[in-house]
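[1] This is a predicted model, with the sequence first.
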Amino acid sequence: ELSVLGGMASSTPYLRLRVLVKHLFNPPSLEADATSLRKSTREGSVVVVGGLNQDILARAEGDLAKETSNMGAVTETWGGVAHNIALCLAKLRVSPHMITAVGGSDSVGKQMANYLESVSIKKSGLIAIPNCRSNRYLAILNQEGDLVASIADMKAVEKLSPSLLASYTRTKWFRAAEMLVLDGNLSKESISFLASFSSSMLSSHTSSSSFSVFFEPTSLEKSTRCLDAWRRGNVHFMSPNALELRRIAAEIEDIRAKTQHAKTGSIDDGSDSGISIVDLKSTRMKTQQAPLPKQVCDDVVTALRAIPLEMRRRNNYHIIITRGSKGVVAASSHANSPHACRMTHVPPQPVQTVESTSGAGDTLAGALIWSLLTHSHNTSSSSESLQSASHGIVVKALQYGVAAAALSVGSKESISPLISCERLEESVY
């Protein structure tokens, strides 16, 4: 077995050696290669709804000083959480449909439409909002490329109401989706409206299953906008960081306390629908428990417990906790054991030079979704939806996500131009 030492894991010769060893011990057939390629080239299997905006990124050359000008570099690009996830998917041969809002009072909307077409993102739902400017995002990065502060002017996308979105839910491409991705820029009403179709509508690509819903919180302030949908069991994946998860869990606890007190005058312990962690490990430490703060574990239990037991018996649910340089954790509840939670820590890949961490989480989400779409059917019936994705499949998909995130961290662009199916397959052994 090869060992990973320092920056060796990210070098091209090392990656090629890993692929050679993999093929020597597991030689692929031509038929398997053709099948893999067909599955990794998907047209419209994902619908992404949320922010597309002009990104202005300012990175300091030295220590960042407050209340004065700082020398540095300022760049402009296209961004937005939903856009970044869609762009990552497009680089991985998934051509996603995107529903987003542009300002009706500026010329940026036309530029956005031309841009989306140029990067293979389907501009199926580009909605012009009258008397509104297009979305803009300003980020301040320190010398190391870490986010210090940001200002998001996302008024256009926040005006995407259920009434504006309704017509798109009746389209063939929406109903044929395997995954619906929602970012936190949407209102909680719109998130609840769109997520409700995961349980009320059957996808056209199968006669027995619905699409899965993936929620990306976007920010601490917007992280709880998914709670109505999550507590109904209509969101199957969400990817908060530890702070966002704490905010989500705190609001769930507050809602539960108020609801129980209003009904009974006391707080029920909820033992009938409880959930506990039965397995905690790391992909790097097969037999040892992964070091995780107790608060994170408690918050995972709180979040999963909020889903009705009836829904936990029907579907699998996954919380992806991003922890920056400490890696990522997958926490899952399975339909065949709805009272149990399995957690696995996936360590980060080494990066020689950190350029920017602003797009790392979005890249991870995009590559994770691509891997779920591409690899999950190799181990399950093609008629099953991602609502039944196992913990093991999600952990494997996260390894692709971590590999992609490492590429973006080492790039000046939010989504690294080096991301490709072949590059990720080489990186994950």
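    Sure, I can see it.
[2] for the residue most central in space within the chain, what are its contacts?
    Central residue check for the chain by Cα atoms, centre = their mean: the C-alpha nearest the mean position is that of Ala365, 3.1 Å away. Contacts for Ala365 (Cβ atoms under 8 Å, 6 or more residues apart in numbering) come out as Ile85, Cys88, Val181, Phe214, Glu216, Ser239, Ile320, Gly401. Heads up, the C-betas are built off the backbone N, CA and C, glycines and all.
[3] Phe237 too?
    Phe237 neighbours (Cβ under 8 Å, 6+ apart): Ser212, Val213, Phe214, Phe215, Tyr317, His318, Ile319, Ile320.
[4] from those residues, which is closest to Lys123?
    Phe214 (20.6 Å; Cβ to Cβ).
[5] Quick one: residues contacting the closest one.
    Counted by Cβ under 8 Å, 6+ apart, Phe214 has contacts Met179, Leu180, Val181, Leu182, Val235, His236, Phe237, Met238, Ser239, Ala365, Ile369.
[6] Inside strands: which ones of those residues?
    Those of those mapping onto strands are Met179, Leu180, Val181, Leu182, Phe237, Met238, per DSSP state E.
[7] Gln400 contacts Leu424, doesn't it?
    You called it Gln, but residue 400 is Tyr. Yes. With contact defined as Cβ atoms under 8 Å, Tyr400 counts as touching Leu424 (5.0 Å).
[8] shared neighbours of these two, which are they?
    Counting by Cβ under 8 Å, 6+ apart, the residues touching both Tyr400 and Leu424 are Ala367, Ser371.
[9] burial count for Met221?
    One correction, residue 221 is Glu, not Met. 12 (other Cβ atoms under 10 Å).
[10] Asp298: what's its closest spatial neighbour, skipping adjacent residues?
    Ala249 (7.4 Å; Cβ to Cβ, 6 or more residues apart in numbering).
[11] Could you list every helix and strand in contact with whichever strand or helix holds the one you found?
    For Ala249, the element it lies in under DSSP states H and E is helix 242-264. Judged by 3 or more Cβ pairs under 8 Å, 6 or more residues apart in numbering; DSSP states H and E, helix 242-264 is in contact with helix 227-231, helix 294-305, strand 317-322.
[12] show me where pLDDT drops low in this protein?
    Scanning the chain with the threshold set as pLDDT under 70 gives 1-44, 200-209, 261-273, 284-291, 376-384, 429.
[13] can you pull out the strands in it?
    42-49, 53-60, 72-79, 94-103, 122-129, 136-141, 147-153, 179-183, 212-216, 237-238, 276-282, 317-322, 328-334, 337-346.
[14] export these to a markdown table and tack on distance to Ser198?
    Formatted as a markdown table, these follow (distance: least, Cβ to Cβ, whole Å):
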| stretch | distance to Ser198 |
| --- | --- |
| strand 42-49 | 12 |
| strand 53-60 | 26 |
| strand 72-79 | 27 |
| strand 94-103 | 16 |
| strand 122-129 | 18 |
| strand 136-141 | 28 |
| strand 147-153 | 27 |
| strand 179-183 | 7 |
| strand 212-216 | 5 |
| strand 237-238 | 11 |
| strand 276-282 | 26 |
| strand 317-322 | 12 |
| strand 328-334 | 16 |
| strand 337-346 | 18 |
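[15] thinking again about what came up before, tell me if I'm right that the residue nearest to Asp298 and Asp299 touch.
    Yes. Counting by Cβ under 8 Å, Ala249 touches Asp299, with 3.8 Å between them.
[16] Pick out whichever of those two has more residues nearby.
    Using other Cβ under 10 Å as the criterion, Ala249 and Asp299 rank with Asp299 on top: 25 against 22.
[17] How about the contacts made by that one?
    Ala242, Leu245, Arg246, Ile248, Ala249.
[18] Count the residues that sit near the residue lying closest to Gln349 once chain neighbours are set aside.
    The spatial neighbour of Gln349 that comes closest, neighbours along the chain excluded (Cβ to Cβ, 6+ apart), is Ala406 at 4.0 Å. By other Cβ under 10 Å, the residues close to Ala406 number 23.
[19] and what of Arg312?
    Neighbours around Arg312, by other Cβ under 10 Å: 22.
[20] ok, it touching Asn336?
    No. Contact criterion Cβ under 8 Å: Arg312 and Asn336 do not qualify, at 10.3 Å.
[21] Just to check, Thr357 is in contact with Ala139?
    No. With contact defined as Cβ under 8 Å, Thr357 does not reach Ala139; the gap is 10.5 Å.
[22] Residues in contact with both of these two, list them for me.
    Residues touching both Thr357 and Ala139 by Cβ under 8 Å, 6+ apart: Leu147.
[23] Alright, that wraps it up for me.
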